[in-house]
Structures are given as C-alpha cells and as structure tokens.
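Enquirer: predicted model and sequence below, questions to follow.
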Amino acid sequence: MISLPETDAPTLPDWAVIASVDLPSPDATDALAARLSACLHAGDTLLLSGGLGAGKTHLARALIRAYLGNPLEPVPSPTFTLVQTYEGAGAALWHSDLYRLGDPSEIDELGLLEAMEDAICLIEWPDRLAPDWPEIAALVHLDRRGDDTREAALYGPEGADLARRLAAVLPG
C-alpha cells in the first residue's frame, strides 16, 4: 500500500509494487534518475507521487538533465506554468506538475493527452488524472525517511513493458 499524506489523500492507480529502492542521499536520487532516463521512450509516462518535500521535483530535474545529457541544464519547476517541455534526441520530454490544476478538463487543454502519445511525460501529482491513468505508464512513489533519505517504490500494471524496463535498471 502506498503511504500518502492524510491532508491530500490523493487517488493513485491500483497497481502492484514492482520494486523499491532506498535513496540515502540526493546523489543516489540523481543516479536513479539517470538509470530511469535511459529506459524511457516516446509514448512513456512516468507518474511521480509523494507528499510535499518527498523529492518528486528533484527526481524529475535529475531525470531531465540525464535524458538531455546536460548536468547544467536549467530545469525550472512547472508548478506555476503546469508544463515545461524539452527537446531530446529520441523524443520530446514533457514535465508536468498538476498540483495547481483547477479542473481535470485542463489536462486536455495543456496538450498533455496528446503528448502522452508521442513524447516522454513526467507527471507530478498524478492523482489529478484519476481515474484516467495513461495507457503506457508506471508510477514512482517517493517516501521521505529522514533528512535526505528517501524510499522510491516503482508501481505498474501487471506485465507492463514500461514497468519491466524500469525495474530492470533499479539497483540491488
């Protein structure tokens, strides 16, 4: 079961946990992001969940920088713009933060549904999509364990190719 903050109580997909990994430092999170980025293809959606301060944006920034091959790439948070896009060698990458989404109909207005078909999408606060989960998706749920320590749990639909690809690169 995914532990969630009681104040937000989001709805998340009812998928099985595929794997989990401890992240003892921000560097460990960066390394995980690099491994995950190497597995993502056009049409893949990675949902990022966890409470405030769990590390969703840190993981997304590190993943985007790894995907683009530029550790100095400026990666602003999409909290206020809702979407930031990046042009990668294999596919465009969309980074969305749906925390401030006013209404589920705005997802289509953002172009996010279309992007899920031919771009790589990273979506923070994916509960705002419920119950319309993307067809090709996996979820990384982050739990804060201490100052810099996190646990990342990978969830996915049973037998899903994306979840298998991501689980294959998780350490240990």
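Expert: Good, I have the coordinates.
Enquirer: shaky segments in this protein?
Expert: Where the chain drops to pLDDT under 70, the residues are 1-10, 172.
Enquirer: ranges for the helices of it?
Expert: 26-37, 56-68, 106-109, 112-118, 161-168 (DSSP state H).
Enquirer: which non-adjacent residue is nearest the spatially most central residue of the chain?
Expert: Closest to where the C-alpha atoms of the chain average out (C-alpha atoms, centre = their mean) is residue 48, at 3.2 Å. Spatial nearest neighbour of residue 48, excluding adjacent residues (C-beta to C-beta, 6 or more residues apart in numbering): residue 56 at 4.3 Å. Just so you know, the C-beta spots here come from the backbone N, C-alpha and C atoms, and that holds for glycine as well.
Enquirer: so that neighbour makes contact with residue 124?
Expert: Yes. With contact defined as C-beta atoms under 8 Å, residue 56 counts as touching residue 124 (4.7 Å).
Enquirer: name the residues contacting each of the two.
Expert: Common contacts of residue 56 and residue 124 (C-beta atoms under 8 Å, 6 or more residues apart in numbering): 48, 49.
Enquirer: same drill for the two, tell me which one is more crowded.
Expert: Counting neighbours by other C-beta atoms under 10 Å for residue 56 and for residue 124 shows that residue 56 has the greater number, 25 against 22.
Enquirer: mind listing what that one touches?
Expert: 48, 49, 50, 124, 125, 142.
Enquirer: quick check: bridge partners of the fourth one?
Expert: Residue 124 has the following beta-bridge partners by DSSP bridges: residue 48, residue 97.
Enquirer: what sits against it?
Expert: Going by C-beta under 8 Å, 6+ apart, the list of residues near residue 124 reads 48, 49, 56, 57, 60, 78, 95, 96, 97, 98, 99.
Enquirer: and the gap between it and residue 152?
Expert: 14 Å (C-beta to C-beta, to the nearest Å).
Enquirer: wait, doesn't the residue nearest to the centre of the chain sit right on residue 62?
Expert: No. Taking contacts as C-beta under 8 Å, residue 48 lies outside contact range of residue 62: 11.5 Å.
Enquirer: hmm, back to that, farthest pair within the contacts of residue 124?
Expert: 49 and 78 (15.6 Å; C-beta to C-beta).
Enquirer: quick check: residue 73 touching residue 65?
Expert: Yes. Between residue 73 and residue 65 a contact is recorded at 4.9 Å, counting by C-beta under 8 Å.
Enquirer: among those two, which residue is more densely surrounded?
Expert: The neighbour comparison of residue 73 against residue 65 (other C-beta under 10 Å) goes to residue 65, with 20 against 13.
Enquirer: report the contact partners of the more buried one.
Expert: The contact partners of residue 65, taken as C-beta under 8 Å, 6+ apart, are 33, 71, 72, 73, 75.
Enquirer: I appreciate the help and will end here.
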